[in-house]
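Show me the folded form of this:
(one chain, ligands or ions: 3)
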Amino acid sequence: MAILCTTTTTSPAEKEHEPKQDLGNDQTPPIIFNPSLLNLQNQIPNQFIWPDEEKPSIDIPELNVPFIDLSRQDSTLEASRLIAEACTKHGFFLVLNHGVSESLISEAQRLMERFFDMPLAGKQRAQRKPGESCGYASSFTGRFSTKLPWKETLSFRFSNENSGSRTVQNYFSDTLGQEFEHFGKVYQDYCEAMSSLSLKIMELLGLNLGVNRDYFRGFFEENDSIMRLNHYPPCQTPDLTLGTGPHCDPSSLTILHQDQVNGLQVFVDNQWRSILPNPKAFVVNIGDTFMALSNGIFKSCLHRAVVNRECARKSMAFFLCPKKDKVVRPPSEILEKMKTRKYPDFTWSMFLEFTQNHYRADVNTLDSFSNWVISNKKNPI
Ligand SMILES: C=C1C[C@]23C[C@H]1CC[C@H]2[C@]1(C)CCC[C@@](C)(C(=O)O)[C@H]1[C@@H]3C(=O)O
Ligand SMILES: O=C(O)CCC(=O)C(=O)O
Ligand SMILES: [Fe+2]
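Ligands and ions are numbered 1, 2, ... in the order given. Okay, the predicted model is just below:
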């Protein structure tokens, strides 16, 4: 059962999303976000206080998203129709009977708890460096100086390029040492399961966009993805801050597992809505790169995560991304029908660089990136 920690509704989202080039370059030394000390404080540091128009408020309605039962072979067409309906509107849906073993999910969750329970210095052995998308970040204190998120994260790369290349396993052993070998094995298996699930979902997305079933599967077969563990500690003033600020995922498809604590919200029809946790399901959403691949037909939608006073919340996100040098351009079947291109050609390596070094992801990331590509005459090929 979901633990419903009170939160919610909001404020208009649009005007708060002007591009902020707050990349942490000011002169004040970064504050330290140590969850075991901060979660009991009645006054949170100013850097964590979000502007009024972005602060969460209480009682938001639930978003009705379709449940896609992946076990029913006979229902491929129906599943694909439901997905398409959700993706043209907001890009969020749930998958059930997804085939990922419950024991793998619960072991991945257990190890995430163990990792975040470690003293700060232990976690900092995997410290994320400026400009890099992987590693441990306690809030983003060195990276941003305002609107800090109330969370700590561990991110690592997964590559499906040479099956057996064991990117995740090597990451844990190389960064945290041999005692983390078991972590590496479990998250390697988890990412492989996420990668296969993404490829299945890609077939369904393709069916609805009128392309060959294998087209997007092939496009993402050698994916170079990012896996992220999120820990949102309790906060004594949850109405002042956010766990993850409003953003669209720059990646292609996100597969999220939430624990039992409420917190994920999506901005639909001009209001914030909750997606309640369901440990048996994965929340799937379209990211900006897939929106570009579908020439804007499938939407990447604004979402955020709120925190609460009582309980810590943990989530695991797999961000499916194409192989770095693959050119992101809609398939001819779509372009023949639509005639005009919505976004320029780009590669994931350019988009990733943009989000890490030039722009803090928000609702406008894809448009700002497109303008950046066009004005810098970046050529992906
Ligand atoms: C390419 C990426 C940038 C972010 C990590 C991956 C996929 C999602 C992006 C992010 C989660 C969007 C919200 C802002 C962000 C800074 C965060 O709060 O975590 C983003 C990630 C990032 O740059 O680390
Ligand atoms: O933790 C969550 O529920 C959502 C996190 C998220 O949106 C992200 O990491 O991109
Ligand atoms: Fe997200």
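
drop to CA atoms for contacts and neighbour counts, all remaining ones
Fine.

show me where the protein has helices.
Using DSSP state H, the helices of the chain run over residues 35-38, 76-89, 102-116, 120-123, 167-176, 181-208, 213-220, 288-293, 332-338, 348-357, 365-375.

and whatever residue of the chain ends up closest to ligand 2, how many residues sit next to it?
Relative to ligand 2, the nearest point of the chain is residue 264 (4.3 Å; C-alpha to the nearest ligand atom). Other residues near residue 264 come to 21 when the count uses other C-alpha atoms under 10 Å.

Show me which residues of the stretch 1-150 of the chain are close to ligand 1?
residue 133 (C-alpha under 6 Å from any ligand atom).

give me the low-pLDDT residue ranges for the protein?
Where the chain drops to pLDDT under 70, the residues are 1-30, 58, 73-75, 381.

where does it come near ligand 2, residue by residue?
Residues of the chain found near ligand 2 (C-alpha under 6 Å from any ligand atom) are 249, 264, 304-305, 315.

that older thread, I'd like the distance between the nearest residue to the residue of the chain closest to ligand 2 once chain neighbours are set aside and residue 115.
Once flanking residues are discounted, residue 264 sits nearest to residue 305: 4.6 Å by C-alpha to C-alpha, 6 or more residues apart in numbering. Noted for residue 305: a distance of 21 Å to residue 115, by C-alpha to C-alpha, to the nearest Å.

Name the residue in these two with the higher neighbour count.
Per other C-alpha under 10 Å, whichever of residue 305 and residue 115 has more neighbours is residue 305, with 22 against 18.

Tell me the bridge partners for the more buried one.
Beta-bridge partners recorded for residue 305 (DSSP bridges): residue 244, residue 264.

same question, residue 153
Beta-bridge pairing of residue 153 under DSSP bridges involves residue 137, residue 230.

Can you give me the separation between it and residue 35?
12 Å.

Contacts for stretch 209-217 next, please.
199-200, 202-204, 206-207, 294, 331, 333-334 (C-alpha atoms under 8 Å, 6 or more residues apart in numbering).

and that stretch, C-alpha only, in CSV?
C-alpha atoms of stretch 209-217 as CSV (Å, rounded to 0.1, in the frame of the first residue of the first chain):
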residue,chain,number,x,y,z
LEU,A,209,4.1,5.5,-34.9
GLY,A,210,3.6,3.4,-38.0
VAL,A,211,7.2,2.1,-38.2
ASN,A,212,8.5,-1.4,-38.4
ARG,A,213,8.4,-3.2,-35.1
ASP,A,214,12.1,-3.6,-35.1
TYR,A,215,13.0,0.0,-36.0
PHE,A,216,13.3,1.5,-32.5
ARG,A,217,14.5,-1.8,-31.0
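
re earlier: filter the contacts of stretch 209-217 down to the buried ones and express that as a PyMOL selection.
Buried residues within the contacts of stretch 209-217, by 16 or more other C-alpha atoms under 10 Å, are selected in PyMOL with:
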select buried, resi 199+200+202+203+204+206+207+294+331+334
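
Which single one of the contacts of stretch 209-217 is nearest to residue 358?
Proximity of those to residue 358 (C-alpha to C-alpha) peaks at residue 294, which lies at 24.8 Å.

That closest one touches residue 332, doesn't it?
No - between residue 294 and residue 332 there is no contact under C-alpha atoms under 8 Å: 10.5 Å.
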